[in-house]
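[1] below: sequence and its predicted model.
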Amino acid sequence: TIWENQPCSDSIRKFAADLVSPTVKRLGWDSKKDDSDLDKLLRVLAISNASKYGDKDVINEALKRFEQGRESIDADIRRTVYKIAVQHGPEENFEKMKEIFRSAPMHAEKLQALSAMGASKDPSLKLKTLEFVVLGDEVRSQDIVYGPSSVNNSLEGTEVAWNFLKENWETYKTKLAGSGYLLARCIQYSSSGFLSEE
């Protein structure tokens, strides 16, 4: 975000966390029979944003559920928990995302794993995500866009994605030759996090 590296960043994060954390407590982590469609959507948004703004209780609960295995994670929040596990957990959680991608019985869960893989704060793991998704042969060409989109969650991530795009432009063009739309999306996701013209 535009205030990510500003002196006021910590205060804004705390303010935002205070806004969304009560919603996580109210809705809980598991679907209920009387949940409305809006409740289900709000639960995902609240958990995602509470972790984004540093709510330790939410982060720790997500890490605990991730360690317990996919069966302990409500299907509606699985993607969000995967992201939190990679972003705030140990490096081994990144490797576990690869395992989940390879073993997931449904393609939708494979995409959840790809979406989470680049969430790490470590630039080297962001780079490994792009190498796995773009340069490897395990990810379908129509799913390559999940590489740069998952990596581009910070200014550092944008720089990694943009430099990787420039260095591997021919690979992108070759793999996405049949879809100008997907190629354009990869360019967008690799550059949309820049905050200035520099």
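    Good, I have the coordinates.
[2] in what helix or strand does A119 lie?
    Assigned by DSSP states H and E, A119 falls within no helix or strand.
[3] how about I187: what's its closest non-neighbour residue?
    L165 (6.9 Å; CB to CB, 6 or more residues apart in numbering). Quick note: C-beta positions are derived from backbone N, CA and C, even for glycine.
[4] same deal with K40?
    Excluding its sequence neighbours, the residue lying closest to K40 (CB to CB, 6+ apart) is D76, at 5.3 Å.
[5] distance check, the residue with the largest distance to the centre of the chain against R26.
    Distance from the C-alpha centroid of the chain, by CA atoms, centre = their mean, peaks at D34 (28.7 Å). Per CB to CB, to the nearest Å, D34 is found 13 Å from R26.
[6] could I get the full set of helices for this structure?
    Counting by DSSP state H, the chain has helices at residues 9-27, 37-52, 56-68, 78-88, 92-103, 107-117, 123-130, 146-151, 155-167, 169-175, 180-191.
[7] of those helices, which is nearest R140?
    helix 107-117 (8.8 Å; CB to CB).
[8] just the CA coordinates of that closest one, formatted as PDB?
    Taking C-alpha atoms only, helix 107-117 is exported to PDB below (Å, rounded to 0.1, in the frame of the first residue of the first chain):
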ATOM      1  CA  HIS A 107      -8.100 -28.400  -9.200                       C
ATOM      2  CA  ALA A 108      -9.700 -25.700  -7.200                       C
ATOM      3  CA  GLU A 109      -7.500 -26.600  -4.200                       C
ATOM      4  CA  LYS A 110      -4.400 -26.600  -6.500                       C
ATOM      5  CA  LEU A 111      -5.200 -23.000  -7.300                       C
ATOM      6  CA  GLN A 112      -5.600 -22.200  -3.600                       C
ATOM      7  CA  ALA A 113      -2.100 -23.500  -3.100                       C
ATOM      8  CA  LEU A 114      -0.700 -21.500  -6.000                       C
ATOM      9  CA  SER A 115      -2.400 -18.400  -4.700                       C
ATOM     10  CA  ALA A 116      -0.700 -18.900  -1.300                       C
ATOM     11  CA  MET A 117       2.700 -19.900  -2.400                       C
END
